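K.L.:
next come a sequence and a model predicted from it.
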Amino acid sequence: MPNEVPDDQELIRRIMRGEEEALRALYARHSRLVYGLALRIVKDEPVAEEVTQDVFLRAWEKADTYQRDKAQVRTWLARIARNRSIDVLRRRSSQDARARGAWEDMKSASLESQVDPSAPVEAGFEQERLRAAIAALPEEQRAALALAFFAGRTHREIAEVTGEPLGTVKSRIRGAMQKLRDALEGEKGS
Amino acid sequence: MMTHEEIRSLLPGYAVGALEPEEAREVRSHLRGCDTCRKELAGYERVEDALALSAAPVQPPAALEERLMRAARALRPRRRFIMNPGLAAAAAVVIAVLAAGNVAQWVRSPDFRARTTGLLTIQLVGVGATRDAYGTIIVETGENEGVLAVRGLPRLDPSQRYQLWLRRDGERKSGGLFAVGDDGYGSLLIKVPGGFRGFSSFGITVEPAEGSLTPTTPPVLRGSL
C-alpha cells in the first residue's frame, strides 16, 4: 500500500471505486466541519448527526457528481451540509413555529467566524478576511444575513418577523453580501 | 417577468437561498441565458462558501462514524470485506513470513501453529514450470472468510489473472482472482458463499482477467487438506 497521504481529490476517486477506507478518511478529515455547520443551523445534536451522516452518504453515493473545477471537496461538502440542514429545518417546523423561532434566531444567530486550525492555510487567510469584513458590517446587515444564512429564512420571513419592509430586508442582505464579496475578491491580484 | 436589473438585485439573496420559490425560478431561468449575471453570482457564491466554512468545527459523537460506515456498506456492495481481527492478524503474519521467504520451515514450527490455532491452513506447492512458487491459505472453518498469500509466481499479462479454485466431491468453486506484483508476491481475500466446509483440494490457474467458470489451464499451485 502506498504510504503517502492522499489528497481530497484522490479520496473522492477512491470513493468512486467503492473503497470504504477512503470514505472513512474523508469523514476523519471533514466531519467536524460538516457537523459543526449542521449543528449551527439545526441547533439539535441528534438532527445534526443525521444531517452529517446524510452528507457523507451522499458523498459515498454521488462522488461522481463532484466537479473539481467548481469547488474544493471541503466546500462541496459544506454546501451539501448547509442545503440538507436548511431542508430539515424547513420541513420540521410549521409556519407558526418557524415565525416564533425567528425571534430566538435573531438573538442567537450571529456571524462570528472562527478560523479552523485544521483548514488549509489559504482557507485560513480567507476566513480572516471574512471575519474582518463581517465585523465591519452594520449591525442590521449582519443580523439579516445571519438569519438568511444560518437560519435559512427567506426575505419575506425576515420581513414578517422583524416588521421591516420587504425592500429593506432585501437591500440589507444585498448590502452585506456585496461588502463580503468585495472583501473576498479584494485580495485577488494583490 | 422581471427585468435584468431586478434579477441582478436578487442575486445575493439567491446565493444564500433567501428567495421565494417563484423568485428563485425566475432567477434560474434568467441565469441560463445571461453570462453577466452568472459571473456576478459566482462572486456571491464565494461568499456563501466562505460563510459555510466559517461555522465552528465540532467533533461529532464517536458512534456516528460506525453508523455511517454501516449505512454505506448497506448502500453499495463492498469491494473488500472486513476480516475479523483473528484472521487478519494471522494473515498479516503469514504474508510477512511469505515475503521473507521462510514459510517452508516456518509452517512446521510451533510458532506457526500457535499463531494459527483454531484456523485451518493449507499449503500450496508449485507445479511444473512454477515449482519454486509456494503459497498458504488460512481459513476460519465454518466462516466464509479466508486469505491466500503466494510467492514466486510470474507476473501476468494485464489481460490475465490468477484464479483460485476450491474442490470437493467433483464440485469446483472459484475463490477469486488476483494478480502478483513485481516481487512475485500476491494475496487474495477469499470469499466463498456457503463456507469452506468440505473443500479438500485447492488450485490456482491462469485465466482471463474477468475470470472463468471452470479452469482453462493446468494449475500452477496446488494443495490439499
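P.N.:
Thanks, I have it. Numbers count the residues shown, from 1 in each chain, chains lettered A, B, ... in the order given.

K.L.:
helix or strand with the lowest mean pLDDT in chain A?
P.N.:
Every helix and strand of chain A was ranked by mean pLDDT, DSSP states H and E. The lowest is helix A:95-108, at a mean of 53.

K.L.:
sec struct for B:T136, please.
P.N.:
Going by DSSP: H, G, I helix; E, B strand; the rest coil, the secondary structure assigned to B:T136 is strand.

K.L.:
gap between it and chain A?
P.N.:
Distance check for B:T136 against chain A: by CB to the nearest CB, to the nearest Å, it reads 20 Å. In this view, the C-beta of every residue, glycine as well, is placed from N, C-alpha and C.

K.L.:
run through the bridge partners of that residue.
P.N.:
Listed beta-bridge partners, B:T136: B:Q123, B:A149 (assigned using DSSP bridges).

K.L.:
for chain A, what spans make up the helices?
P.N.:
For chain A, helices defined by DSSP state H occupy the ranges A:8-16, A:20-42, A:45-61, A:73-92, A:95-108, A:121-135, A:139-150, A:155-162, A:166-185.

K.L.:
of those, which shows the lowest average pLDDT?
P.N.:
Of all these, helix A:95-108 carries the lowest average pLDDT, namely a mean of 53.

K.L.:
follow-up on the earlier one: quick one: which of the helices of chain A is nearest B:L221?
P.N.:
B:L221 lies closest to helix A:20-42 among these, at 29.2 Å (CB to CB).

K.L.:
so which bits of the closest one are buried?
P.N.:
A:20, A:22-27, A:29-42 (16 or more other CB atoms under 10 Å in any protein chain shown).

K.L.:
other residues contacting stretch A:85-92?
P.N.:
Residues from elsewhere that reach stretch A:85-92 (CB atoms under 8 Å, 6 or more residues apart in numbering or on different chains): A:37-38, A:41-42, A:47-48, A:50-51, A:98, A:151-152, B:17.

K.L.:
ok now stretch B:175-192, how far from the chain's centre?
P.N.:
With CA atoms, centre = their mean, to the nearest Å as the basis, stretch B:175-192 stands 13 Å off its chain's centre.

K.L.:
just the CA trace of that stretch, in CSV.
P.N.:
The C-alpha coordinates for stretch B:175-192 follow below in CSV (Å, rounded to 0.1, in the frame of the first residue of the first chain):
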residue,chain,number,x,y,z
GLY,B,175,-12.4,-18.4,-4.7
GLY,B,176,-11.5,-15.2,-6.6
LEU,B,177,-9.0,-13.6,-8.8
PHE,B,178,-5.7,-11.9,-8.1
ALA,B,179,-2.5,-10.6,-9.6
VAL,B,180,1.1,-10.7,-8.4
GLY,B,181,3.5,-7.7,-8.0
ASP,B,182,7.0,-7.3,-9.4
ASP,B,183,8.3,-9.3,-6.5
GLY,B,184,6.1,-12.3,-7.4
TYR,B,185,4.0,-11.8,-4.3
GLY,B,186,0.2,-11.8,-4.4
SER,B,187,-2.6,-12.1,-1.9
LEU,B,188,-6.3,-12.6,-2.0
LEU,B,189,-9.1,-12.3,0.5
ILE,B,190,-11.2,-15.3,-0.3
LYS,B,191,-15.0,-15.2,-0.2
VAL,B,192,-16.9,-18.5,-0.5
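
K.L.:
what about it and chain A, any contact?
P.N.:
No: counting by CB under 8 Å from any CB of the partner chain, chain A is not contacted by stretch B:175-192; separation bottoms out at 11.6 Å.

K.L.:
what is the burial count for A:N83?
P.N.:
16 (other CB atoms under 10 Å in any protein chain shown).

K.L.:
kindly report the same for the one 4 residues further on.
P.N.:
Counted by other CB under 10 Å, the residues lying close to A:D87 total 13.
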